[in-house]
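In: build me a model from this:
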Amino acid sequence: MITVRRSDDRGHAQHGWLDSRHTFSFGDYHDPEHMGFRALRVINEDRVQPAAGFGTHAHKDMEILSYVLEGGLAHKDSLGTGATIRPGDVQRMTAGTGVTHSEFNASSTEPVHFLQIWLLPERQGIIPGYEQKHFDAEQRRGRLQLVASRDGRQGSLTIHQDVAMYDGLLAAGERAEVSLGKGRHAWVQVTQGEVKLNGQTLQAGDGAAVSAEPGLKLEGVQTAEVLVFDLA
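Out: Got it, this is the predicted structure:
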């Protein structure tokens, strides 16, 4: 079964410096039918104006992933980490027992476009941590590259939850597949372009919940970028 969440049906917040689309309930946007999917709690597509951003604030007991599509995102946190996240980078911050951080557009002239993703951790009270890795376009072109997993296999980031996250770049006509184990589920999020998922067309901003399917068959319709979450 595949349930599609269309881009235009997402929640929307416009704050002048921030334009944000919420796949699931977040902040002032509340939809009891879209509170998350399995361990996946938040997918926000954010566009932040030059030199603006999220001031220092706190999180606890959450796995937070940042994925930049365009521009640069400057990160600072109470762990002493300072880094700029750019396209191809995947950042994981474990909030655990508590962490404070800020995220600002690294440019004073160009906007930054990124996804903020929250996953519920497998347990509470984890020691806070930070990890960032780069996956270049060649690693992701024409295939689904594992970028995060519970055990950090194949050079991926480590997530404290039974989740495998893949990233793929598919040109028109290119295909990629993922098998789903018994009792597994998936969420597919199209970040750019257009793909077919098991025959259904998804465009940029669309997502899809997948359950009771043996696997995923993705085909590029227009040059596309897609994230896939294999979930317990």
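
In: what's the burial count for Leu79?
Out: Neighbourhood size, Leu79 [other CB atoms under 10 Å]: 14. In this view, the C-beta of every residue, glycine as well, is placed from N, C-alpha and C.

In: excluding chain neighbours, what is closest to Asn121?
Out: For the record, residue 121 is Pro, not Asn. Using CB to CB, 6 or more residues apart in numbering and skipping the chain neighbours, the partner closest in space to Pro121 is His160 (4.6 Å).

In: the one you found and Thr94 touch, don't they?
Out: Yes. Using CB atoms under 8 Å, His160 makes contact with Thr94 at a distance of 6.1 Å.

In: which one of the two has more residues nearby?
Out: The neighbour comparison of His160 against Thr94 (other CB under 10 Å) goes to Thr94, with 22 against 19.

In: mark out where each domain of the protein begins and ends.
Out: The chain breaks down into these structural domains: 11-134, 137-231 (assignment by automatic domain parsing).

In: give the bridge partners for Val90, please.
Out: Note on Val90: beta-bridge partners by DSSP bridges are Tyr67, Lys133.

In: just checking, it touches Leu157?
Out: Yes. Assessed by CB under 8 Å, Val90 is found in contact with Leu157 at 5.7 Å.

In: out of the two, which sits in the busier spot?
Out: Neighbours per residue (other CB under 10 Å) separate Val90 from Leu157, with Val90 holding more: 23 against 19.

In: list the contacts of the more buried one.
Out: Going by CB atoms under 8 Å, 6 or more residues apart in numbering, Val90 touches 65-67, 132-135, 147-148, 157, 165, 167.

In: and which of those residues is nearest to Leu180?
Out: For these, the closest approach to Leu180 (CB to CB) belongs to Met165, at 14.1 Å.

In: find the residues that touch each one of Val90 and Leu157.
Out: Counting by CB under 8 Å, 6+ apart, the common neighbours of Val90 and Leu157 are 65, 132-133, 147-148.

In: got a quick ChimeraX command for the buried subset of those?
Out: Here is the ChimeraX command that selects the buried residues among the shared contacts of Val90 and Leu157 (16 or more other CB atoms under 10 Å):
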select :65,132,147,148
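
In: break down this protein into its helices, ranges please.
Out: 137-140 (DSSP state H).

In: the lengthiest strand in the chain pairs with which strands, parallel or anti?
Out: In the chain, with assignment by DSSP state E, the single longest strand is strand 215-231. Using DSSP bridges, the strands paired with strand 215-231 are strand 163-170 (antiparallel), strand 175-179 (antiparallel), strand 185-197 (antiparallel).

In: deepest of the ones you listed, which one?
Out: Compared across the strands paired with strand 215-231, strand 163-170 shows the largest average neighbour count, a mean of 23 (mean count of other CB atoms under 10 Å).

In: need the mean per-residue confidence for stretch 46-60.
Out: Stretch 46-60 comes out with an average pLDDT of 94.

In: Val4 is nearest to which of the domains of the chain?
Out: domain 137-231 (4.9 Å).

In: how far away from the center of its chain is the closest one?
Out: With CA atoms, centre = their mean, to the nearest Å as the basis, domain 137-231 stands 11 Å off its chain's centre.
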